[in-house]
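K.L.:
give me coordinates for this.
(chains A, B, C and D)
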There are 2 protein chains.
Amino acid sequence: MVNYQHALDRTFAALTDPTRRAILMRLEAEEACSVSALAEPFAIKLPAVMKHLDVLHEAGLVSRSKTGRTVTVRLIPEPMRDAMEWLERYQRFWTPRLDRLAAYAEAQEAAMVKGHGL
Amino acid sequence: MVNYQHALDRTFAALTDPTRRAILMRLEAEEACSVSALAEPFAIKLPAVMKHLDVLHEAGLVSRSKTGRTVTVRLIPEPMRDAMEWLERYQRFWTPRLDRLAAYAEAQEAAMVKGHGL
DNA sequence: TCAATAGTTTTCCACATGGTGAACTATCAA
DNA sequence: TTGATAGTTCACCATGTGGAAAACTATTGA
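P.N.:
Below is the predicted model of the structure:
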């Protein structure tokens, strides 16, 4: 319970930074990337990228495996699934089908209540 | 484009804190809440809650409207929709194709039912 | 009018974050 | 062996975040 919250904290925190989201998007397209390949598109220096990778790693969103002198970074998507599941709670607000069904259900309920003179 | 990124930054940042997520959940269930009613379940003091509300407000996730001396806080779910849409990119990693087909079929069925005056 | 209630603002604190430059380790290749 | 390449670590800085206490404003009800 508490741990679950903790994990969500880290996940959302990791997703906060645009550089980190860009890294995740890159890994969604590319599957396996070296650290310097990941860093190349950005204006920031390697140590900064390193820190972002640390945050992503601590959030359980990437794995790092060393072969020779290069480190391969891979996406671990599971934590994002939990984040999405948390957000799904709010889907009813923008999903028209569910909206209308909910409105209908509400109207029915209201009618019932009225009908029973409450 | 840049603004969009900015908005997502704020959204994910707002979702990072468990207190803020709890506030959003409360507003999902309750629709309209006063500041002190929102603050009541937490161990932290009012000024801290105030700061959380500021963050949520800056992220466009809640509205505040004053009537008399009480301020009513309401959920604005739209930014979370954008966050979900960003995350949907990764759905393919955990949603087998059949799941998506099932969801589609379910939606179709619901549409049919509605069309027939349910 | 006066006290209680609802919120806000201010000042302060400890700590996290995102960045830098410089120095370091480890591996590959000439 | 020696130099380039890949990555890491360290010390530092400015800024942001989450919290508290205290003092404040504004509204309501007795």
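
K.L.:
quick one: residues contacting the spatially most central residue of chain A.
P.N.:
Nearest residue to the geometric centre of chain A (CA atoms, centre = their mean): A:Met80, 3.4 Å. Contact analysis of A:Met80 by CB atoms under 8 Å, 6 or more residues apart in numbering or on different chains lists A:Thr11, A:Leu15, A:Leu24, A:Leu61, B:Leu87, B:Tyr90. Where C-beta positions appear, they are placed from N, C-alpha and C, glycine not excepted.

K.L.:
helices of chain A, residue ranges please.
P.N.:
A:2-16, A:18-30, A:35-39, A:46-58, A:78-88, A:96-115 (DSSP state H).

K.L.:
circling back: Serialize the contacts of A:Met80 to TSV and add fields for pLDDT.
P.N.:
Formatted as TSV, these follow (pLDDT from 0 to 100):
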residue	pLDDT
A:Thr11	97
A:Leu15	97
A:Leu24	97
A:Leu61	97
B:Leu87	96
B:Tyr90	94
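
K.L.:
pull the helix or strand with minimum mean pLDDT from chain A.
P.N.:
helix A:96-115 (a mean of 53; mean pLDDT, DSSP states H and E).

K.L.:
and A:His52, how many neighbours does it have?
P.N.:
20 (other CB atoms under 10 Å in any protein chain shown).

K.L.:
so how far is chain B from it?
P.N.:
Distance of A:His52 to chain B, given as CB to the nearest CB, to the nearest Å: 14 Å.

K.L.:
from A:Phe42, how far out is that residue?
P.N.:
According to CB to CB, to the nearest Å, A:His52 and A:Phe42 sit 9 Å apart.

K.L.:
please identify every residue contacting each of the two.
P.N.:
A:Thr19.

K.L.:
give me every residue in chain A lying close to chain B.
P.N.:
A:5, A:8-9, A:12-13, A:15-18, A:21, A:24-25, A:28, A:75, A:77-78, A:80-81, A:83-84, A:86-91, A:93-94, A:97, A:100-101, A:104 (CB under 8 Å from any CB of the partner chain).

K.L.:
pull out the buried residues from those residues.
P.N.:
For those, a burial check counting by 16 or more other CB atoms under 10 Å in any protein chain shown picks out A:8-9, A:12-13, A:15-17, A:21, A:24, A:75, A:77, A:80-81, A:83-84, A:86-87, A:90, A:93, A:101.

K.L.:
and A:Arg89, its phi and psi?
P.N.:
A:Arg89 adopts backbone torsions of phi -50, psi -30, taken as degrees, to the nearest 10.

K.L.:
quick check: it touching B:Met25?
P.N.:
Yes. Using CB atoms under 8 Å, A:Arg89 is in contact with B:Met25, at 7.1 Å.

K.L.:
any regions of chain A where pLDDT drops low?
P.N.:
Under the criterion pLDDT under 70, the flagged ranges of chain A are A:1-5, A:96-118.

K.L.:
find the closest residue to DNA strand D in it.
P.N.:
A:Ser36 (2.9 Å; CB to the nearest atom of the strand).

K.L.:
quick check: A:Ile44 touching A:Pro18?
P.N.:
No. Contact criterion CB under 8 Å: A:Ile44 and A:Pro18 do not qualify, at 11.3 Å.
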